[in-house]
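Colleague: sequence first, predicted model second:
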Amino acid sequence: MKSQSNRRSFLARSGTVAAAAGALATSAKSYGRILGANDRLGVGVIGAGVIGRAHFGVINNLKEKNNLLPVAVSDCWKTRADQGKEMIGAEASYSNYKELLDRKEVDYVVVATPEHWHWTMTIDAMDAGKAVYCEKPLTHTIPEAQAVLKRQKETKRPLQVGVQAMSDDSYITARDAIRKGVIGKVIQAQIEYVRRYDAKKGPWRVPEEVEKYQSKPADLDWNAWLGSAPKREWNPNHYFEWRCYSAYSGGICTDLFIHRITRIMKACDLLYPRRVVGMGGIWQWPDGRDLPDNIEMICEYPRGMTVYVLGTMSNRVGIDHLIRGYRGTLKFTKEGWVAEDKDGKILAEHKKTGGEDQNLHHTNLHNHIRNGEPLNCPPELGLAGVVAVNMANESWRSSKVMGWDSKNAKMVPADTLNLSHEPEEVSELPS
């Protein structure tokens with residue numbers, strides 16, 4: 001993770017790179033023609049931790065079926081990079097991800113690192129001419145996500161955001177039904193992400209790893225891992241439990257809620273919320289974390305609807321995932337979805353294909369690269385999710401309702417905006 005560009009220097013130079021973008025700018029379909037529909041896709045993975053290893057399993061599953069060539073693995077802990085190389089049979093391993101990007105055989109890159117590195121690595125990969133599968137959330141902050149989308153538009157590199165539930169067709173078919181008016185005017189949706197952690201080991205704590213590595217491994221580049229985050233001495237809690245700290249993550253909102261809110265966004269054609277409130281606290285595990293261990297959020301959207309997301313980590317009893325309209329209610333099930341009117345009469349139903357599956361999500365990217373198949377989670381949707389969950393976190397931190405300043409494309413306290421309380425024109429997500 002060496003040669004990190006800080007946010008200020010990148011945003012300063014991002015306006016000057018458009019001229020260079022022309023050399024790279026080809027559409028997904030023309031990129032596919034360069035590769036050839038039957039040509040092997042070379043893949044590189046940046047990040048060989050828990051999530052990276054999940055992607056190693058996917059690559060091994062799809063190696064023959066999808067004609068993949070594992071080229072390289074990079075991790076700032078060289079031991080992990082070497083282990084990843086062996087796990088997928090890659091040709092090389094690196095501690096500096098820039099060396100992976102220099103490999104011409106790499107056609108697409110998987111970014112599977114802590115959130116605070118997503119934007120830099122994704123932009124660097126696109127600048128190197130690579131397609132990208134970036135783990136969720138797209139980025140740590142809203143300005144970073146905006147910078148990524150801007151650069152993607154300039155380079156035209158394929159970019160899949162790793163919200164793998166978007167490879168379940170329940171949400172795009174629900175969108176089509178809602179557009180047709182099956183449940184009438186949509187007014188509200190609800191969804192959840194609930195877990196129940198051990199009383200002595202709260203969300204994302206791994207005390208066994210922390211105890212084992214009280215001293216930093218000799219081949220782990222700690223300063224590279226920190227990147228743009230505040231500098232500090234080696235801290236195994238921050239390295240192994242980074243989702244507990246706002247320097248690297250948004251916790252429950254960015255790691256878990258992003259999976260849920262994106263489903264409703266896709267089904268309801270939602271982009272940026274008008275107002276968001278986040279409520280919760282560090283209620284059960286005051287263990288040094290600076291992000292809530294229990295939180296919920298409510299988003300109000302310009303089309304005239306609200307979305308509620310429940311997120312307790314202390315109780316696993318959930319709520320139905322559903323969308324409420326004037327004519328009826330669309331409820332998501334394990335099999336797909338069913339829409340019923342107020343008397344229980346079925347208005348429409350759908351048996352899903354696909355599912356919340358990284359194998360399918362990678363395959364969708366492969367098909368996009370080769371033949372232009374639409375991406376299931378494009379960067380526009382990734383940005384919209386980052387906006388919502390970051391507004392919820394900022395509301396929690398500031399004890400204010402946050403609003404979206406659409407003119408300046410940034411979040412601000414809602415009471416500083418003259419927000420309408422009537423529905424506005426719906427902005428549809430890319431089909």
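Modeller: Arrived safely, thanks for sending. Numbering: from 1, shown residues only.
Colleague: list the contacts of H55.
Modeller: 45, 110, 112, 133, 358, 362 (C-beta atoms under 8 Å, 6 or more residues apart in numbering). (C-beta placed from N, C-alpha, C; glycine too.)
Colleague: PyMOL command for the buried members of these?
Modeller: In PyMOL, this line selects whichever of the contacts of H55 come out buried by 16 or more other C-beta atoms under 10 Å:
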select buried, resi 45+110+112+133+358+362
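Colleague: which among the contacts of H55 gets closest to V194?
Modeller: Nearest to V194 among the contacts of H55: Q358, at 21.8 Å, using C-beta to C-beta.
Colleague: might one say that that closest one is in contact with V58?
Modeller: Yes: with contact defined as C-beta atoms under 8 Å, Q358 reaches V58; the gap is 4.8 Å.
Colleague: other SSEs contacting the one helix or strand A72 maps to?
Modeller: Assigned by DSSP states H and E, A72 falls within strand 68-74. Strand 68-74 sits against strand 41-46, helix 50-62, helix 78-88, strand 92-94, helix 97-101, with contacts defined as 3 or more C-beta pairs under 8 Å, 6 or more residues apart in numbering; DSSP states H and E.
Colleague: hang on, the earlier thing: in helices, which of the contacts of H55 appear?
Modeller: Judged by DSSP state H, the subset of these located in helices is 358, 362.
Colleague: so how far is L69 from the residue with the largest distance to the centre of the chain?
Modeller: Residue farthest from the centre of the chain, counting by C-alpha atoms, centre = their mean, is D343 at 37.9 Å. Distance, D343 to L69, using C-beta to C-beta, to the nearest Å: 57 Å.
Colleague: check V163 too.
Modeller: 26 Å.
Colleague: of these two, which one has the most company?
Modeller: When neighbours are counted by other C-beta atoms under 10 Å, V163 and L69 differ, and V163 comes out ahead with 26 against 17.
Colleague: ramachandran angles for the more buried one?
Modeller: phi -100, psi 90 (degrees, to the nearest 10).
Colleague: number of nearby residues for the closest residue to Y171 other than its chain neighbours?
Modeller: Among residues not flanking Y171 along the chain, K266 sits closest, at 4.3 Å (C-beta to C-beta, 6 or more residues apart in numbering). Counted by other C-beta under 10 Å, the residues lying close to K266 total 24.
Colleague: does K266 really touch I172, like I thought?
Modeller: Yes: here K266 lies in contact with I172, judged by C-beta under 8 Å, at a distance of 6.4 Å.
Colleague: so when I look at E349, I'm seeing a strand, right?
Modeller: Yes: the assignment for E349 (DSSP: H, G, I helix; E, B strand; the rest coil) places it in a strand.
Colleague: show me what contacts it?
Modeller: Counting by C-beta under 8 Å, 6+ apart, the residues that E349 touches are 336-339.
Colleague: can I get the CA coordinates of the one helix or strand Q190 maps to in CSV?
Modeller: Per DSSP H and E: Q190 is located in strand 186-192. C-alpha atoms of strand 186-192 as CSV (Å, rounded to 0.1, in the frame of the first residue of the first chain):
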residue,chain,number,x,y,z
VAL,A,186,-44.7,3.8,-2.8
ILE,A,187,-44.6,5.6,0.6
GLN,A,188,-42.3,3.5,2.9
ALA,A,189,-39.9,0.6,3.1
GLN,A,190,-38.3,-1.3,5.9
ILE,A,191,-35.3,-3.7,6.2
GLU,A,192,-32.8,-4.8,8.7
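Colleague: enumerate the positions of the following helix or strand past that strand that are buried.
Modeller: With elements assigned by DSSP H and E, the helix or strand that comes after strand 186-192 is helix 207-212. By 16+ other C-beta under 10 Å, the buried positions in helix 207-212 come out as V210.
Colleague: perfect, I'm done here.
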